[in-house]
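Novice: this one's sequence-less:
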């Protein structure tokens, strides 16, 4: 077993485990980590926990971030923004069928990383050489899928708030259609897909709550005993953790699922 903290390097990015050493880190602390790309600026999103089988294998957190690091991060972002304009121009000059998405200058300044979208595999060596010559930096181009494009570009979802992929660390489990079915959502693509055209991230984030509700709630159509008498479950109010129960005597009442005890036998017919 090894002690580790979870760190992300960009909004909505993957959570990586690092060895905190002697540092006592709290959630949202800013840190400088040694990564395969060099030293990077990250944010702690998971406090110290044990990771099985990783003793001696985790990369180390170098130190806490300082005000100087914050200033360097701001300067890197400004340079990346200027480099993005050069990226657009290089694509036009070389007439490549790719869509520029984002530019990032790695924290230690060792390279510029440009992300792009493409319908098919494209030879980008000419653009890469052009960018390296004009920007006087080591340049890396990477193709990203629709979900990553949405995360890097940002925007607002169907709910009217910022996209989940730009606000929260990425979910670990694949997003499946079963999650939408468990939440009783319409199967129309406009309701369950995001701006990226893939199943919405919130399905995965909210699914554990809905599964917990389903595991504890009585079935729709089942006969239950409540503090107000016996009745039949007609529907759910998941966010309120309640059921709409049709009580004997033609009354309908919303009752918490913890106050409903499912009875044996077939449900009573509604009058």
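Specialist: Noted; the coordinates are in hand. What you are looking at is a predicted structure, and each value in this text was computed from that prediction instead of being measured.

Novice: least confident secondary structure element in the chain?
Specialist: Across the helices and strands of the chain, mean pLDDT, DSSP states H and E gives its lowest value to helix 189-192, namely a mean of 79.

Novice: next SSE downstream of that helix?
Specialist: Sequence-wise, the next helix or strand downstream of helix 189-192 (DSSP states H and E) is helix 201-216.

Novice: what's the distance between the residue lying closest to residue 169 once chain neighbours are set aside and residue 256?
Specialist: What sits nearest to residue 169 in space, not counting adjacent residues and going by CB to CB, 6 or more residues apart in numbering, is residue 15, at 4.8 Å. Any C-beta I mention is one placed from the backbone N, CA and C, and that applies to glycine too. Residue 15 sits 34 Å away from residue 256, going by CB to CB, to the nearest Å.

Novice: so for those two, which residue has more residues nearby?
Specialist: Shown here are residue 15 and residue 256; by other CB atoms under 10 Å, residue 15 has more neighbours (17 against 14).

Novice: and the more buried one, how far is that from residue 8?
Specialist: Residue 15 is 6 Å from residue 8, by CB to CB.

Novice: which neighbours do these two have in common?
Specialist: Residues touching both residue 15 and residue 8 by CB atoms under 8 Å, 6 or more residues apart in numbering: 45, 169.

Novice: residue 95 - how many residues pack around it?
Specialist: For residue 95, using other CB under 10 Å, the count is 6.

Novice: so what's the backbone phi/psi at it?
Specialist: Here is the backbone geometry of residue 95 (degrees, to the nearest 10): phi 50, psi 60.

Novice: just to revisit the earlier point, so which bits of the least confident helix or strand of the chain are buried?
Specialist: Residues of helix 189-192 classed as buried: residue 192 (neighbour count, 16 or more other CB atoms under 10 Å).

Novice: go on, stretch 79-99?
Specialist: Under 16+ other CB under 10 Å, the buried positions of stretch 79-99 are 79-80, 83-84, 86-87, 90-91, 96, 98.

Novice: and what of stretch 210-226?
Specialist: So for stretch 210-226, counting by 16+ other CB under 10 Å, buried means 210, 213, 217-218, 222-224, 226.

Novice: for the stretch 151-271 of the chain, what spans make up the helices?
Specialist: In the stretch 151-271 of the chain, the helices defined using DSSP state H, counting those that start in this stretch lie at 164-167, 177-182, 189-192, 201-216.

Novice: now these in TSV, with distance to residue 31?
Specialist: Listed next are those as TSV, based on distance: least, CB to CB, whole Å:
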stretch	distance to residue 31
helix 164-167	20
helix 177-182	33
helix 189-192	37
helix 201-216	25
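
Novice: could the buried residues of stretch 210-226 go into TSV alongside pLDDT and distance to residue 42?
Specialist: Below are the buried residues of stretch 210-226 laid out as TSV (pLDDT from 0 to 100; distance: CB to CB, whole Å):
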residue	pLDDT	distance to residue 42
210	90	32
213	90	35
217	89	40
218	91	45
222	90	49
223	91	54
224	90	49
226	90	50
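
Novice: which among those gets closest to residue 46?
Specialist: residue 210 (23.5 Å; CB to CB).

Novice: one step back: in the buried residues of stretch 210-226, find the pair that's most separated.
Specialist: Farthest pair in the buried residues of stretch 210-226, by CB to CB: 210 and 223, 23.4 Å.

Novice: list the contacts of residue 204.
Specialist: 171, 173, 175, 179 are the contacts of residue 204 under CB under 8 Å, 6+ apart.

Novice: just the buried ones from the residues you listed?
Specialist: 171, 175, 179.
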